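> give me a 3D structure for the following:
(chains A, B, C and D)
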There are 2 protein chains.
Amino acid sequence: MRKPITISDIAIKLNISKSTVSRALKDHPDVNPATKKKVKALAEALDYEPNLLAASLAKKQSSLIGVILPEFNRAFFSNALEGIQEVARRNGYSVIICQSNEDFELEVLNTRMLASNKVAGILMSLTLQTADFRHLERLQEKEIPFVLFDRVAEQIDCPKVTVDDFQGAYQITQHLISKGYQNIAHLSGPLNLSICKNRYNGFMAALSDAGRDIAKAQVYECEHLKEDAYASAKKLLQLGVPRPDAIFCVSDYVAFEAMRCIQDLGLRIPEDVALVGFTNDPATEYVTPRLTTMEQPARKIGETACEMLVKSLKEESDEHPHVILPTTFIERSSS
Amino acid sequence: MRKPITISDIAIKLNISKSTVSRALKDHPDVNPATKKKVKALAEALDYEPNLLAASLAKKQSSLIGVILPEFNRAFFSNALEGIQEVARRNGYSVIICQSNEDFELEVLNTRMLASNKVAGILMSLTLQTADFRHLERLQEKEIPFVLFDRVAEQIDCPKVTVDDFQGAYQITQHLISKGYQNIAHLSGPLNLSICKNRYNGFMAALSDAGRDIAKAQVYECEHLKEDAYASAKKLLQLGVPRPDAIFCVSDYVAFEAMRCIQDLGLRIPEDVALVGFTNDPATEYVTPRLTTMEQPARKIGETACEMLVKSLKEESDEHPHVILPTTFIERSSS
DNA sequence: GTGAAAGCGCTAACAA
DNA sequence: TTGTTAGCGCTTTCAC
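Next up, the predicted model:
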């Protein structure tokens, strides 16, 4: 890389001091408009690029926000990332991202790496495995602000953003009940995750409030959401007594797999089995136009999380709100 | 943020010099194993985090790789990003990403921002709009290495990674011909993009080589891939003379939209209209198990691009290879 | 309104 | 093997 232009270069050419150049470049109030103009003109002409590394080092304040996601290739996370990116950019931050790949070790390494890069703060959604929170506690000790979203740890006291999982699950289950379905099953994920747990609770509460016999509800936990969904759906449909006439799926790919299974078994949706689920994937409308869903405002979640981080970056406030966003019920009737 | 531990802190506590600490920490060969051990132990105990900003500044060499993508929320790009991330991590780099959002202005701003962050190099896939390449030329002037992938600019002399669009299109068109389809149409994108152009050419070449009358081939250019696809498909199917019995789609969402249109018109796939296309979206298998596709090795593309960048970072070589990866033909028969 | 000087945390000659 | 010193490019007192 060729030696880049620095403020010293400009200062020398203009026969003024570095400090004046520095001030002029950031529109400091008390600097002569004339010199300010000269400086800016020369900077432009020389195609000067400020060295953000040096600036961060001097200010002890970086303009980078770190993000750790379990994976990129899922609509929810990539949408959330868009929201994050957007808010960060508007506030003068850039985003440095890492993928934990649903691997706890990597998640820990990533927090270290971001800390080393002296990011201003961190946004993260935990892996399915994360049960040990010492890496988060270490961030707190170092006073690196962070916000958790979607997959959050209840044990940790920090700002959080999630959707109203209980309410969403309750509502969509109620929808099935009102449609007259008698044997509603639930394909869930690991129940140690609060997100799955809350949906499970919402499901159960709706059944219970409708006077259904909770004990009879058939629920399968899919350890690895996508991988286990097909098999679980199959068990449900082949061995379930009675066979469910409706299935509530905890997330989009679980629903897609369930759909595939239903079709492979020669059953029809929704005549034989109705299918509903939480979802974010834009492909949903293609996959099955008949899938009634609770849509999660993925992008909004990302925006909100980033806004909270930015806020805590400026204000040093010690509040740790847990923002709960509503989901959107979308009924797609049979075609 | 509380004042973090620095190498000076360690040096003072151990009554040795900063440089020794620095050397010990990076396993410099000529440093006494004993002191090395002491230093590492204390660093560990104090939970020391090296300040990568300072290191980069001093070394004039950053450990960040910049990535600019048109959007995250598309399977192709998020898969490519995974590959990039993986290779970068393995080589000790972190990834700082920006979304150009298919907006040329943003793309330009992003290159400036990355340059300001003094990234070691840049990976990018251009927006659909990009027709002015001065921002790339500026990177070349500043000698910031970059690699283009997928959406590349033929005018710019730099390393590039794409798939074999011509060959893929040729092969999938040939497939349709061999199946006996007579009126094969093509839903394309902006033909000023080499990626679309090459697929178009492959399509035409296959028809021509099979002795078909090229002049009769019906082709629609969708300016905005996803947005215009439905309308174009509709025109093709309602107004096309003769009505196509097969459609080759330039990308996944174009194919999804075409499928939706075909179904809305009450036609069947593939009995009335066969559908084939380039694709990357894992949802394809759900959307239509009958869609025969050319799969692009998105992840591999990302990996390759990043490897090329890393290589040019170490070796200062002045080669600018254009790597062309093969696509994979996947025939999905009617269910 | 401008300049001089110190320093952010680290690296890398050059000495010792 | 270790210490000394001089930066990297920028910000920021504190003088003038």
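> next secondary structure after the host helix or strand of A:I301?
Secondary-structure assignment from DSSP states H and E places A:I301 in helix A:298-315. Next along the chain after helix A:298-315, taking DSSP H and E as the criterion, comes strand A:322-325.
> what packs against that next one?
In terms of contacts (3 or more C-beta pairs under 8 Å, 6 or more residues apart in numbering or on different chains; DSSP states H and E), strand A:322-325 is packed against strand A:160-163, helix A:298-315. Every residue, glycine included, has its C-beta placed from N, CA and C.
> hey, which of these is tucked in deepest?
Highest mean neighbour count of the helices and strands packed on strand A:322-325: strand A:160-163, a mean of 24 (counted as mean count of other C-beta atoms under 10 Å in any protein chain shown).
> where do the strands sit along the stretch 151-300 of chain A?
Assigned by DSSP state E, counting those that start in this stretch, the stretch 151-300 of chain A shows strands spanning A:160-163, A:184-188, A:219-221, A:246-249, A:274-279, A:292-295.
> nearest to DNA strand D, out of these?
Nearest to DNA strand D, of all the strands of the stretch 151-300 of chain A, is strand A:160-163, at 30.4 Å by C-beta to the nearest atom of the strand.
> what mean pLDDT does the closest one get?
Per-region confidence: strand A:160-163 scores 96 on mean pLDDT.
> which strands border that strand, and is each parallel or antiparallel?
Sheet pairing here is set by DSSP bridges, and for strand A:160-163 it gives strand A:146-149 (parallel), strand A:322-325 (parallel).
> with respect to burial, which of those strands scores highest?
The highest mean neighbour count among those, using mean count of other C-beta under 10 Å, belongs to strand A:146-149: a mean of 25.
> alongside DNA strand C, which residues does the stretch 51-200 of chain A contribute?
With C-beta under 7 Å from any atom of the strand as the criterion, the stretch 51-200 of chain A meets DNA strand C at residues A:A54, A:L57, A:A58, A:K60.
> if any of those residues are buried, put those into a PyMOL selection.
Selecting only the buried entries of these in PyMOL, with 16 or more other C-beta atoms under 10 Å in any protein chain shown as the criterion:
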select buried, chain A and resi 54+57
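> for the residues of the stretch 51-200 of chain A next to DNA strand C, could you give me JSON lines that also reports pLDDT?
Shown next, in JSON lines, are those (pLDDT from 0 to 100):
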{"residue": "A:A54", "pLDDT": "96"}
{"residue": "A:L57", "pLDDT": "96"}
{"residue": "A:A58", "pLDDT": "95"}
{"residue": "A:K60", "pLDDT": "92"}
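> so the closest residue to DNA strand D within the stretch 201-335 of chain A versus A:T130, what's the distance?
Proximity of the stretch 201-335 of chain A to DNA strand D (C-beta to the nearest atom of the strand) peaks at A:K314, 14.2 Å away. Plainly put, A:K314 is 29 Å away from A:T130 if you go by C-beta to C-beta, to the nearest Å.
> what residues does the stretch 1-150 of chain A have near DNA strand D?
When proximity is defined as C-beta under 7 Å from any atom of the strand, the stretch 1-150 of chain A approaches DNA strand D at A:3-4, A:6-8, A:18-19, A:22-23, A:25-26, A:50-51, A:54-55, A:57-59.
> would you list the buried entries among those?
Neighbour-count burial (16+ other C-beta under 10 Å) applied to these gives A:P4, A:T6, A:I7, A:S22, A:R23, A:L25, A:P50, A:N51, A:A54, A:A55, A:L57.
> so which of these belong to strands?
Within those, no residue falls in strands by DSSP state E.
> farthest pair in those residues?
Between any two of those, the greatest separation by C-beta to C-beta is 20.4 Å, found for A:P4 and A:R23.
> mind listing the strands in the stretch 1-150 of chain A by residue range?
Per DSSP E, counting those that start in this stretch, the stretch 1-150 of chain A carries strands over the ranges A:64-69, A:94-99, A:121-124, A:146-149.
> and the third one, how far out from the chain's middle?
With C-alpha atoms, centre = their mean, to the nearest Å as the basis, the distance from the averaged C-alpha position of strand A:121-124 to the chain average is 11 Å.
> that one packs against which elements?
Going by 3+ C-beta pairs under 8 Å, 6+ apart, strand A:121-124 lies up against strand A:64-69, helix A:104-116, strand A:146-149, helix A:298-315.
> what pLDDT, on average, does the last one get?
Going back to what we said before, that points to helix A:298-315. 94.
> which residues sit against that helix?
Helix A:298-315 has contacts (C-beta atoms under 8 Å, 6 or more residues apart in numbering or on different chains) with A:65, A:75-77, A:79-88, A:91, A:93, A:120-123, A:145-150, A:159, A:161-163, A:280, A:317, A:321, A:323, A:325.
> A:M294 and B:A258, how far apart?
To B:A258, A:M294 is 29 Å away according to C-beta to C-beta.
> what of A:D9?
Counting by C-beta to C-beta, the gap from A:D9 to B:A258 is 56 Å.
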